[in-house]
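Student: Have a look at this prediction, sequence included:
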Amino acid sequence: MVEKIRKVVFPVAGLGSRFLPATKSVPKEMLPVVDRPLIDYAVEEARKAGVEHFVFVTGRGKGAIEDYFDHAFELETTLSERNKEAALKALSTTQLSHGSASFVRQQKPLGLGHAIWCARDIIGDEPFAVILPDELVLHEQGCLAQMVDAWHSHGGNVVAVAEVPDDQVGQYGIVAPGKDDGRIVEVKGLVEKPAVKDAPSRLALTGRYILSPSVFDELKKGAIGAGGEIQLTDAMASTIGSVPFHAVRFDGARFDCGDKAGYLAANIAYALQRDDIGPKLVDLIPQLKDFVLKEC
């Protein structure tokens with residue numbers, strides 16, 4: 001019996017079109033929040049949850065992600081020669097241990113479900129996690145670690161959810177809830193990007209999943225869902241009844257960094273947490289009022 005979640009999948013093949021022109025030459029997952037790229041925060045969250053193997057589902061133009069988690073010998077040598085100890089320490093956290101990272105290509109943009117399917121041979125027959133890097137959760141323990149706690153208690157599939165307003169329901173997979181103790185919610189059904197009038201709740205999937213390998217049996221069917229893509233939500237919904245399925249209302253501040261306003265808010269929030277930046281930013285924020293709603 002598998003007693004821990006050892007592997008995580010990061011679907012990082014997307015074009016990042018909402019952040020053009022910046023993402024013309026830079027993967028969206030490499031956009032910085034303060035001084036670390038989005039993907040680095042996702043890997044850190046997985047590490048806190050005890051994950052040992054990191055699977056990146058990439059596409060063309062994503063080589064910078066693989067390079068980021070490798071040794072940069074020339075840079076490290078130069079920093080060492082110049083006694084830049086703080087900079088060297090910062091770099092050390094970006095290196096994954098030998099053999100702990102796998103990279104696989106998603107050759108066609110066929111949806112999130114297809115991206116997860118591309119990792120099937122690396123995952124094998126064991127439960128695994130999925131983290132969407134453009135969703136950040138600011139919390140000391142981390143969102144995935146909270147979900148692992150729930151998985152130990154309930155098994156099966158576990159997803160992270162948050163309440164969203166009516167005007168955002170159509171942007172997410174939405175949970176049809178069953179028993180609800182205020183933190184853990186039984187999942188009776190899932191609907192991908194429903195109209196508000198058809199939504200079974202306002203509980204939205206927020207880019208964190210722990211999945212039974214049985215989801216691959218559904219994904220291999222290649223069923224086309226919303227947006228003409230192979231939807232992970234549809235595959236997960238097909239497992240309801242065959243494996244336990246629960247949602248977790250997690251602790252922490254969530255930032256949708258696929259949205260420009262959410263991305264900017266994350267930069268401010270994460271900077272305010274830093275002793276070296278936070279006090280300076282607090283002093284600077286009042287000055288920003290001079291720019292609000294004024295024409296340039």
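Tutor: Received it, and whenever you're ready, just let me know what you need. What you see is a predicted model; the values in this text were computed from it and never measured. Numbers count the residues shown, from 1 in each chain.
Student: ok, and what's touching the helix or strand of the chain with the lowest mean pLDDT?
Tutor: Least confident helix or strand, the chain: helix 85-92 with a mean of 87, by mean pLDDT, DSSP states H and E. Helix 85-92 is contacted from outside by 72, 75-76, 79-80, using C-beta atoms under 8 Å, 6 or more residues apart in numbering. (Glycine included, C-beta is placed from N, CA and C.)
Student: Buried ones among those residues?
Tutor: Buried subset of the contacts of helix 85-92 (neighbour count, 16 or more other C-beta atoms under 10 Å): 76, 79.
Student: can you redo the contacts of helix 85-92 as TSV with distance to Arg47, secondary structure and pLDDT?
Tutor: Below are those laid out as TSV (distance: C-beta to C-beta, whole Å; DSSP: H, G, I helix; E, B strand; the rest coil; pLDDT from 0 to 100):
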residue	distance to Arg47	secondary structure	pLDDT
Ala72	20	coil	87
Leu75	22	helix	90
Glu76	21	helix	90
Leu79	23	helix	90
Ser80	25	helix	91
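Student: List just the nearest of the contacts of helix 85-92 to Gly155.
Tutor: Closest approach between the contacts of helix 85-92 and Gly155, by C-beta to C-beta: Ala72, at 40.9 Å.
Student: What's the local residue count around the residue lying closest to the closest one once chain neighbours are set aside?
Tutor: What sits nearest to Ala72 in space, not counting adjacent residues and going by C-beta to C-beta, 6 or more residues apart in numbering, is Leu91, at 6.9 Å. Neighbour count for Leu91, taken as other C-beta atoms under 10 Å: 15.
Student: any idea how far Val159 is from Asp125?
Tutor: Distance, Asp125 to Val159, by C-beta to C-beta, to the nearest Å: 21 Å.
Student: Neighbour count: those two, which is higher?
Tutor: Taking other C-beta under 10 Å, Asp125 and Val159 do not tie; Val159 has more neighbours (27 against 10).
Student: Quick one: the strands in the chain, in order.
Tutor: 7-11, 32-33, 36-37, 53-58, 101-105, 128-131, 135-138, 157-163, 173-180, 184-192, 203-211, 245-249, 253-256 (DSSP state E).
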